[in-house]
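Colleague: no FASTA, just this:
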């Protein structure tokens with residue numbers, strides 16, 4: 001019986017192996033191309049070189065765009081979290097007129113193509129005089145990433161035992177104290193997971209940013225897109241490899257000290 005079950009698992013294992021290869025093969029090709037010594041994308045190549053990693057240091061526009069994307073992602077994720085926490089708590093814990101409509105409105109950016117959102121936000125920001133500004137770009141990214149935070153906050157708040165907060169109130173705790181000392185600590189895995197996913201989506205956002213960003217507020221994805229539109233060289237492969245390594249390092253640190261499953265699922 002055990003031999004029969006073991007034999008039946010081979011097709012599943014083969015499928016998993018093929019899926020892993022399918023997902024990792026493009027990343028491996030990008031990493032290998034980044035070490036080429038040629039001035040164009042080539043694989044295989046004659047000898048490995050750090051040429052295109054040194055080229056990153058000689059391209060301050062890419063470095064500036066990287067720091068700008070980090071700041072933008074952190075700002076948008078934080079603003080989205082500040083908006084999503086009270087909205088998620090209200091939607092999860094209370095029944096009121098328009099509740100479903102409010103939830104649908106806040107989640108609607110997930111259903112609207114980013115091209116449409118980019119055009120709409122460009123027109124809106126132009127009308128209020130904020131087109132191409134840092135604050136306009138931050139507001140646009142906040143709209144895009146808000147649903148990701150909201151979904152995890154609602155999921156965490158739905159499993160929250162309200163009797164704990166009621167017990168704190170019965171002992172004389174104020175509403176702010178209950179929120180700060182009881183409610184928020186219990187839903188913080190969902191809040192932290194939502195913030196992380198929002199940051200990743202903001203950092204990686206390209207389609208909408210092309211319409212909203214200006215030459216002075218170009219994010220790293222927009223800068224990479226503009227670069228490859230004019231020339232094709234291994235510089236983007238080296239930039240992508242650096243981002244892959246940084247992402248793996250962050251994931252390993254999170255998994256080591258907190259657990260990726262807890263962060264991404266929003267569970268305590």
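Modeller: Ah, there it is. Predicted model, so just to flag it, every value in this text is computed and none were measured.
Colleague: in the chain, which helix is the longest?
Modeller: Counting by DSSP state H, the longest helix found in the chain is helix 60-93.
Colleague: what distance separates that helix from the centre of its chain?
Modeller: Helix 60-93 has its average C-alpha position 9 Å from the chain's average C-alpha position, going by C-alpha atoms, centre = their mean, to the nearest Å.
Colleague: against which helices or strands is it packed?
Modeller: Contacts defined by 3 or more C-beta pairs under 8 Å, 6 or more residues apart in numbering; DSSP states H and E place helix 60-93 against helix 51-57, helix 99-107, helix 134-158, helix 184-204, helix 220-230. C-betas here are computed from N, CA, C, even on glycine.
Colleague: name the residues of the first one that are buried.
Modeller: This means helix 51-57. Of the residues in helix 51-57, 51, 52, 53, 56 count as buried by neighbour count, 16 or more other C-beta atoms under 10 Å.
Colleague: next one: the third one
Modeller: Residues of helix 134-158 classed as buried under the neighbour-count rule (16+ other C-beta under 10 Å) are 134, 136-157.
Colleague: please apply the same query to the last one.
Modeller: Of the residues in helix 220-230, those scored as buried under the neighbour-count criterion (16+ other C-beta under 10 Å) are 220, 221, 222, 223, 224, 225, 227.
Colleague: pLDDT below threshold where in the stretch 1-150 of the chain?
Modeller: In the predicted model, the stretch 1-150 of the chain carries pLDDT under 70 at residues 1-8.
Colleague: need the contact partners of stretch 97-112.
Modeller: 84, 87, 91, 117, 143, 144, 146, 147, 150, 151, 154 (C-beta atoms under 8 Å, 6 or more residues apart in numbering).
Colleague: of these, just say which sits nearest to residue 245.
Modeller: Set against residue 245, the nearest of the contacts of stretch 97-112 by C-beta to C-beta is residue 144 (26.0 Å).
Colleague: re earlier: same list (the buried residues of helix 220-230) but as JSON lines, adding distance to residue 200 and pLDDT.
Modeller: JSON lines is the format used below for the buried residues of helix 220-230 (distance: C-beta to C-beta, whole Å; pLDDT from 0 to 100):
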{"residue": "220", "distance to residue 200": "13", "pLDDT": "91"}
{"residue": "221", "distance to residue 200": "12", "pLDDT": "92"}
{"residue": "222", "distance to residue 200": "17", "pLDDT": "92"}
{"residue": "223", "distance to residue 200": "18", "pLDDT": "91"}
{"residue": "224", "distance to residue 200": "16", "pLDDT": "89"}
{"residue": "225", "distance to residue 200": "18", "pLDDT": "90"}
{"residue": "227", "distance to residue 200": "22", "pLDDT": "87"}
